[in-house]
Every structure is written in structure tokens, then in C-alpha cells.
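Peer 1: Quick check, what structure comes out for this input:
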Amino acid sequence: ILAVSHLIFISQIAKMELSSSIRSKRDKAREEICTMLQQETSTYSNRFDYLAYAAREKNEKIHARFRRTICSWLFEVVDHFQYDREVAVYAIYYLDTAAAIRTKKQDKTIKRREYQLISVTSLYLAIKIHGGHHNTSRPDIQSFANLTNGKFRAKEIERTEIDMLIMMKWNVSPPSASRFVVNFIYFIPEYWGQGNPDELKSSKNEILSIFEVSRYLTELALHVSDISSNYNASEIAFASILRAMDDAKDNTYIPDWVREEFISNITKSTSLTITSVLPICSLLNEYFRSTPSCSEQDITTSHHKVHSPVSVRTYHTLEVQGDSSHQYRP
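Peer 2: Next comes the predicted model:
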């Protein structure tokens, strides 16, 4: 009896220490979430569905599939040069923001060549600003001009870069869905397996798996204009984690109360609601099923690298010929 009582006591102490650590991490995450939500609803609240505008004009050159191809190319180039994948996320934000502002200003859809030029410039700008921790030197502007296979000159990219910075009012560090995921993940409760009191089980591995799939889904969501143009990064992150938790149930034991407590933690800490993100989950389900990419099991093969959600080569938009494999040819 004394031995069992001692084990129960030790288990309770371990749980208290673990709970204290989680609370500390959640407090820090809550602070960052609060800051990002404020940015999201003020400085970076300039969403505009320019593709819907193009559809109303019956523009056959600027459409969701073309944008999807460009998003894929951006991730492909970032992976090729081994930059953090968040660089591509920033580039897509710059692309969408600049295209939206120009569309509203001109009151008509921008031309296809202009859209391509903005996308190349967006990547150049994102690497300049957010690729600073890379272990090799950053490509110069002429390298980016060469990347387009002569389609754009260095001076065009430089001029467009200045125009874009002015349009965006130099607001170039938006809160991303993947960053929200990093903080939201702390609100998934730690739980313990059934059995003897001393069999304390952390959910670390399960949460890590959910985290990797969630990040993958936030990148996938960027390719879907119906999501990226109509929902905030925080909503996309929340939906991605919920979708990842549902998928994880197929391979591991996750009690229903864990999902419910996570939803409760997020809704209490933010203005997000489960109702507001359900449409995103549906869109992700639909697009995920139609995407010829790696399986969900492949996503968690490595804890440090997630492959492109959609390979550019899948869409046959690039000519794979030696060093020209990443030239811009959508």
C-alpha cells in the first residue's frame, strides 16, 4: 500500500511540474498571439479577392489555377536554394497584396505579364528581408532576372520592388498561418495514458505529428485562393490544426476531450470560433483530395522538413533541363 501511495505521489508531482511548464509556454504563446491578432486586424487587414474581380471580367489569363502554379513555383525555388519555407509564405503575401492594390487602383485586372513580374519581385523581396539567416549568400537581382530566362530585366524587378514597398507602406512582416500554428499548438493539452499511476504518458510525439501536418496544411491553404483571399492567417491556422487532429485519429489514440479542450482554449484566448473555420476545413478537405502530392504519412517522415504541398513539376509548368529547372515559365 505504501509503495502504491508513493507511486501516486510521484505521479502527481510529475504532473504538476509538467502542467507548470505547459502553462508558462502557453502564457508566452498567448502574448504573441495577441500581438499577431492585433496586426492581422489592423496593419495587415487589406485582403481583396482580385481573382474574383478577374472572374467577373471574364479574364482568362489571371485565374486561380494560374495563381496556384505561381505559388508552387515560389515554394519550389525556395526549396531549391534551401531557404526557410516561410520565405515563400511572405512572397505569396506580397504577390497577393500588390496584385489586389493594383487591381483596385486600376479598377481592372492586371495583365498577365505584370502579375508574373510581381511574383518574381515578391520572391526577391522576401529573400532580401526574411532570408538573412541563410548559410550562403543571397542571389543578387541579376540572378533573379536570369531566373526568368530573359523575360524580365533587372531594372524592371528593381523598379517593381520600390513600387511594391510603397504600395504596401513598407509593411512586410505579416503574421503567417504557420506562425500562428507554432503558438496555437501549445493549447493542445498534455494527456496521460490509461494504466498504472506511474505510467505517465506525455503527448509530445502526437502533438509533434499534428504540428507537422498542420504546417503542411497552412502551406496548402495558400494555394487555394478561396481560402487565402477570404480568411485570416489565424483562422487558417486554427482550421489546419483541427483538420490535422482529425487525420491523426486514424493512426494514433487521441481522446475526444483533447480536441474539445483545444477548441475551448483557443476560443477563450482569441476571437476565433469553431463556426468561422469550418468552411476552411471543408475547402482543405476538397483540395487535399485533389492534390497529387505526398501522402499525409509522408508529411511526418521528417520532423524538420516538409516537402512542397504542390510540386511545380506536377503542373508541368517548368522545363526541366539542367540548371534551367527553376526558370520561370508558367
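Peer 1: Relative to residue 206, how far out is the closest residue to residue 90 other than its chain neighbours?
Peer 2: Excluding the flanking residues, the one nearest residue 90 by C-beta to C-beta, 6 or more residues apart in numbering is residue 126, at 4.1 Å. All C-beta atoms are positioned from the backbone trio N, CA, C, and that covers glycine. Using C-beta to C-beta, to the nearest Å, residue 126 is found at 33 Å from residue 206.
Peer 1: Would you mind telling me which of these two has more residues around it?
Peer 2: residue 126 (24 against 20; other C-beta atoms under 10 Å).
Peer 1: Can you check the pLDDT for the residue nearest to residue 90?
Peer 2: pLDDT, residue 126: 94.
Peer 1: what helix or strand is it on?
Peer 2: In this assignment (DSSP states H and E), residue 126 forms part of helix 112-130.
Peer 1: Mind checking what helix or strand follows that helix in sequence?
Peer 2: helix 141-147.
Peer 1: Beyond that next one, next helix or strand please.
Peer 2: Heading C-terminal from helix 141-147 (DSSP H and E), you reach helix 154-167.
Peer 1: any idea of the mean pLDDT in the helix or strand just after that following helix?
Peer 2: For helix 154-167, the following helix or strand on the C-terminal side (DSSP H and E) is helix 177-184. Over the span of helix 177-184, the pLDDT mean works out to 95.
Peer 1: how about the helix or strand that comes right after helix 177-184 as CSV, C-alpha atoms only?
Peer 2: As assigned by DSSP H and E, the chain's next helix or strand after helix 177-184 is helix 204-222. C-alpha atoms of helix 204-222 as CSV (Å, rounded to 0.1, in the frame of the first residue of the first chain):
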residue,chain,number,x,y,z
LYS,A,204,4.7,15.0,-27.2
ASN,A,205,5.0,12.7,-30.2
GLU,A,206,1.3,13.0,-31.1
ILE,A,207,1.5,16.8,-30.9
LEU,A,208,4.6,16.9,-33.0
SER,A,209,2.8,14.9,-35.7
ILE,A,210,-0.2,17.2,-35.5
PHE,A,211,2.2,20.2,-35.8
GLU,A,212,3.9,18.9,-38.9
VAL,A,213,0.6,18.1,-40.7
SER,A,214,-0.8,21.5,-39.6
ARG,A,215,2.1,23.4,-41.2
TYR,A,216,1.7,21.4,-44.4
LEU,A,217,-2.0,22.3,-44.5
THR,A,218,-1.2,26.1,-43.9
GLU,A,219,1.0,25.9,-47.0
LEU,A,220,-1.6,24.0,-48.9
ALA,A,221,-4.2,26.7,-48.0
LEU,A,222,-2.0,29.4,-49.6
